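Engineer: sequence and predicted structure below; questions after.
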Amino acid sequence: MNIDTSTAREAFARDGFANLGRVLDPAEVAHFRDLFETDRRDYPYFWHPYGFHQQANYDALITTPAFDGLIRHPRILPVVESLMGGPVCFGEIGLRRMRAYDGTPHQQWHRDRAHLPDHPLRLDYMQLMVYLTDVDSTTHCFSMSPEPVDEPVLTDNAAQLRRGVYDLHGPAGTCALCNAAILHTATTRPTRAERKTAQIYFGHRDRAPLANDSAIPATLWRDHEDAETRGFYGVLNDRTRLLMTAFGAESRRRNR
């Protein structure tokens, strides 16, 4: 599936997000879902409770570097760069699992960071949501509240939610991009279905790192032969720097 960048830009201006539809074909879904399940099986100690009724691995680039193929997907990354307005950097990746649930519906509306007022779409960091399982009104889903760029940012959640709520539904392979600053939540519903997602963040290369959830392997930001790869992964957070220091110290100790 080819993505119409102009349509995505119009959606961002109107809503702060764009449902890209079923971007991944069945073979790609099977490939990335297999990576997801293999990661969970082989590295259970990297998976931890996250948010409400979720398990997540935010060091997926460490445990399964092949997720670089999803992070820099050739049909998605050019759209991200176009909307962001230039070369982008890696922010983080989270593999998330939401199991079957028999409790009451739950939402925790939040913003991941502030808007960037000087950007034409107010984009500082962008999130890519990738569904690796089918999602509909009977399952858990990702929900967003539309925020037009030509209207004020409403810091009161109740006021913003009166603008509306969009539940992202679609078959496995559905992808959406959203401004990380808009109000959004994981919607937990009573369901027998399990939701599996990959959630990836992109930022500007001249801005501060997003957070300290995901470490970046040195094979990508330092040792990779391709300069563009090093640039994409080169905005290092404190987590990566701390691990780099710790491994460097251990290497020096062993070489004495």
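Structural biologist: That came in fine, so what should we check first? Numbers count the residues shown, from 1 in each chain.

Engineer: so Trp47 sits right up against Asp59, yeah?
Structural biologist: No: counting by C-beta atoms under 8 Å, Trp47 stays clear of Asp59, with 9.8 Å between them. All C-beta atoms are positioned from the backbone trio N, CA, C, and that covers glycine.

Engineer: of these two, who's got more company?
Structural biologist: A direct count of neighbours by other C-beta atoms under 10 Å for Trp47 and Asp59 places Asp59 higher, at 23 against 19.

Engineer: which residues does the more buried one contact?
Structural biologist: Applying C-beta atoms under 8 Å, 6 or more residues apart in numbering to Asp59 gives the contacts 46, 214-215.

Engineer: any idea which of the residues you listed has the most stuff around it?
Structural biologist: The residue in the contacts of Asp59 with the most neighbours, by other C-beta under 10 Å, is Ser214 (23 neighbours).

Engineer: pLDDT score for Asn255?
Structural biologist: On pLDDT, Asn255 comes in at 48.

Engineer: same check on Asp15?
Structural biologist: Listed pLDDT for Asp15 reads 98.

Engineer: for it, what are phi and psi?
Structural biologist: Main-chain dihedrals, Asp15, degrees, to the nearest 10: phi -120, psi -20.

Engineer: contacts only, for it.
Structural biologist: Contacts for Asp15 were tallied using C-beta under 8 Å, 6+ apart; they are 144, 146-148, 166.

Engineer: if I look at the spatially closest residue to Pro105 that is not a sequence neighbour, how far off is Arg195?
Structural biologist: Excluding the flanking residues, the one nearest Pro105 by C-beta to C-beta, 6 or more residues apart in numbering is Arg189, at 5.4 Å. Look at Arg189 and Arg195: by C-beta to C-beta, to the nearest Å, they are 10 Å apart.

Engineer: between the two, which is the more surrounded one?
Structural biologist: Taking other C-beta under 10 Å, Arg189 and Arg195 do not tie; Arg195 has more neighbours (25 against 19).

Engineer: any idea where the helices of the stretch 1-150 of the chain begin and end?
Structural biologist: Here the stretch 1-150 of the chain has its helices, by DSSP state H, counting those that start in this stretch, at 5-15, 26-42, 60-63, 68-71, 77-84.

Engineer: JSON lines for the ones you listed, including distance to Gly173?
Structural biologist: Below are the helices of the stretch 1-150 of the chain laid out as JSON lines (distance: least, C-beta to C-beta, whole Å):
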{"stretch": "helix 5-15", "distance to Gly173": "17"}
{"stretch": "helix 26-42", "distance to Gly173": "5"}
{"stretch": "helix 60-63", "distance to Gly173": "18"}
{"stretch": "helix 68-71", "distance to Gly173": "11"}
{"stretch": "helix 77-84", "distance to Gly173": "16"}
